[in-house]
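In: show me the folded form of this:
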Amino acid sequence: MFTNAYSTLFQHIRRLYLCIDNSTKDNHILVYFFLSHITSRLDLVECQKMRLFKPIIAAHRRYGSSALSAQKWIYAKTFKGEPNQQNFRLEKEELPALKDGEFLAQAQYISVDPYMRPYMMAYPEGSLMIGGQVGKVLESKNTSFPAGATVFGQFGWRTHTVCNPSDQPMNGPYTYVLPDFGSLPPSLGLGVLGMPGNTAYFGLLELCNPKEGETVVVSGAAGAVGSLVGQIAKLKGCRAIGIAGSDAKCHWLKSIGFDGTINYKTTNNILADLKKIAPKGIDVYFDNVGGQISEAAIKLMNLYGRIAVCGTISNYNTSIEKVTDPMRMMVYKQLKMEGFTVWRWTDRWTEGIAANLKWIQEGKLKWQETVTEGFENTPAALIDMLKGGNTGKAVVKV
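Out: Down below sits the predicted model:
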């Protein structure tokens, strides 16, 4: 009875195994675990009689972590102007067997962010594309990162990673197990509950100290950071104005609480429009773009205004724009302008995540993602994001 029932079952499983494409090694691992689970409950002698155990052992040898290969995107050609597909090359890499202290993670979501464009200019051709990802731990020899855990890691654009956290620099949150997001998607660990969320939280609250009744202007307002800055400003009792690149984005900003918006691509005079929408001037300017938009905003700053410089995406793909020297305005209006990266608050990283998560759970903070399907489309997702094709956080679902 055993032989007849389980022989049929195993024949179906073996057909499934043989039909899986060789390039999808993660599927092989799932089949191996399934086969192992079943055979652990069967009589070994019967399995051997039926010659069913041999392919199971072969699957383990071939598709264990010691033979798993990763796909990765390489920075193939130095960026000149807007990135294109020729700047990237897809490669495979055989992964080593795990050592003590290491774990194997499979990417679920990969982040694409504006900073990647200027930062990669410091890397030689042939380097792995940088960036964060959220992944699942498949196998582990590190008790702090158990199998099944969902992790954030600065692993770059790759499908699988063997990581030893102790080998990473200590000046940033390079790898950590994500806290419990409840019913929220793990991809938020790349957005509102990750680096962009903390950038908005600390950049606005620590550098700009917004006060109730003040006017806060945000450029790049429909992006991963800017959309959160405006909402946090509203939570602090401020008036929030967002500058974005389409009518659809401006409409969305108003739907999440912004008091006013400007479409910089259709306006004929950004300075005049800012004067109309901010008649009492600007107290806080959160700058994500630089260039002429920032030139106009600085001209309308009030006495003792504060400016946080988070990014300059307007010139990432082009030469730097020539704008009016702001130094005279800085002196006469006694302005405070400070550039920053979020890594200065690594010792308070979980504070920002916890605060943003609490606001989401209370219905006070809205988020949106632009999701690109498929690891093979990661370069296209970056190219599109740098052209303003995203609303909220841009991520790739692997």
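In: tell me which helix or strand of the chain sits lowest on mean pLDDT?
Out: Least confident helix or strand of the chain, by mean pLDDT, DSSP states H and E, is helix 53-63 with a mean of 33.
In: tell me the SS of residue 366?
Out: Three-state call for residue 366 (DSSP: H, G, I helix; E, B strand; the rest coil): coil.
In: nearest spatial neighbour of residue 312, skipping sequence neighbours?
Out: Distance criterion Cβ to Cβ, 6 or more residues apart in numbering; nearest residue to residue 312, sequence neighbours excluded, is residue 290 at 3.3 Å. Using the backbone N, CA and C atoms, a C-beta is placed for each residue, glycine as well.
In: wait, isn't the one you found in contact with residue 311?
Out: Yes - at 7.4 Å, residue 290 and residue 311 qualify as touching, with contact defined as Cβ atoms under 8 Å.
In: coming back round to it: quick one: residues contacting the residue nearest to residue 312.
Out: Residue 290 is in contact with 309, 311-315, 321, counting by Cβ atoms under 8 Å, 6 or more residues apart in numbering.
In: residue 199 too?
Out: 225, 310, 342.
In: does it sit in a helix, a strand or a coil?
Out: helix.
In: all helices of the protein, in order?
Out: 2-19, 25-39, 44-49, 53-63, 116-119, 195-202, 226-235, 247-255, 270-277, 291-299, 327-332, 349-361, 378-386 (DSSP state H).
In: what's around residue 145, how many residues?
Out: Using other Cβ atoms under 10 Å, the number of residues around residue 145 comes to 23.
In: how about the one 10 residues further on?
Out: Burial of residue 155, expressed as a neighbour count using other Cβ under 10 Å, amounts to 26.
In: give me the below-cutoff pLDDT ranges for the stretch 101-250 of the chain.
Out: Low-confidence segments of the stretch 101-250 of the chain (pLDDT under 70): 170-171.
In: the same query, at a cut-off of 50, please.
Out: For the stretch 101-250 of the chain, no stretch has pLDDT under 50.
In: quick check on residue 323: phi, psi?
Out: phi -130, psi 170 (degrees, to the nearest 10).
In: nearest to residue 144, of the contacts of residue 290?
Out: Taking Cβ to Cβ as the measure, residue 311 is the one of these closest to residue 144, at 32.8 Å.
In: contacting residues around the closest residue to that closest one other than its chain neighbours?
Out: Computed as Cβ to Cβ, 6+ apart, the closest residue to residue 311 that is not its neighbour in sequence is residue 288, at 4.6 Å. Counting by Cβ under 8 Å, 6+ apart, residue 288 touches 114, 218-221, 223, 225-226, 310-311, 313.
In: list phi and psi for the residue nearest to residue 312.
Out: The phi/psi pair for residue 290 (degrees, to the nearest 10) is phi 70, psi -160.
In: roughly how far apart are it and residue 314?
Out: 5 Å (Cβ to Cβ, to the nearest Å).
In: of all the residues in stretch 152-172, which ones are buried?
Out: For stretch 152-172, a neighbour-count test (16 or more other Cβ atoms under 10 Å) marks 152-165 as buried.
In: let's see that stretch as PDB, backbone CA atoms only.
Out: Output in PDB follows, covering the C-alpha atoms of stretch 152-172 (Å, rounded to 0.1, in the frame of the first residue of the first chain):
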ATOM      1  CA  PHE A 152      17.200  45.100   5.700                       C
ATOM      2  CA  GLY A 153      20.600  45.100   4.200                       C
ATOM      3  CA  GLN A 154      22.900  47.300   2.200                       C
ATOM      4  CA  PHE A 155      23.500  44.400  -0.200                       C
ATOM      5  CA  GLY A 156      23.300  46.300  -3.500                       C
ATOM      6  CA  TRP A 157      21.400  45.200  -6.600                       C
ATOM      7  CA  ARG A 158      21.600  41.400  -6.200                       C
ATOM      8  CA  THR A 159      19.200  38.500  -5.700                       C
ATOM      9  CA  HIS A 160      21.000  36.600  -3.000                       C
ATOM     10  CA  THR A 161      23.600  37.600  -0.500                       C
ATOM     11  CA  VAL A 162      25.900  35.800   2.000                       C
ATOM     12  CA  CYS A 163      26.400  38.300   4.800                       C
ATOM     13  CA  ASN A 164      28.500  38.400   7.900                       C
ATOM     14  CA  PRO A 165      27.300  41.600   9.800                       C
ATOM     15  CA  SER A 166      30.500  41.700  11.900                       C
ATOM     16  CA  ASP A 167      32.500  42.400   8.700                       C
ATOM     17  CA  GLN A 168      30.500  45.600   7.900                       C
ATOM     18  CA  PRO A 169      31.400  49.100   8.900                       C
ATOM     19  CA  MET A 170      30.100  50.300  12.200                       C
ATOM     20  CA  ASN A 171      29.000  53.800  11.100                       C
ATOM     21  CA  GLY A 172      25.600  53.000   9.800                       C
END
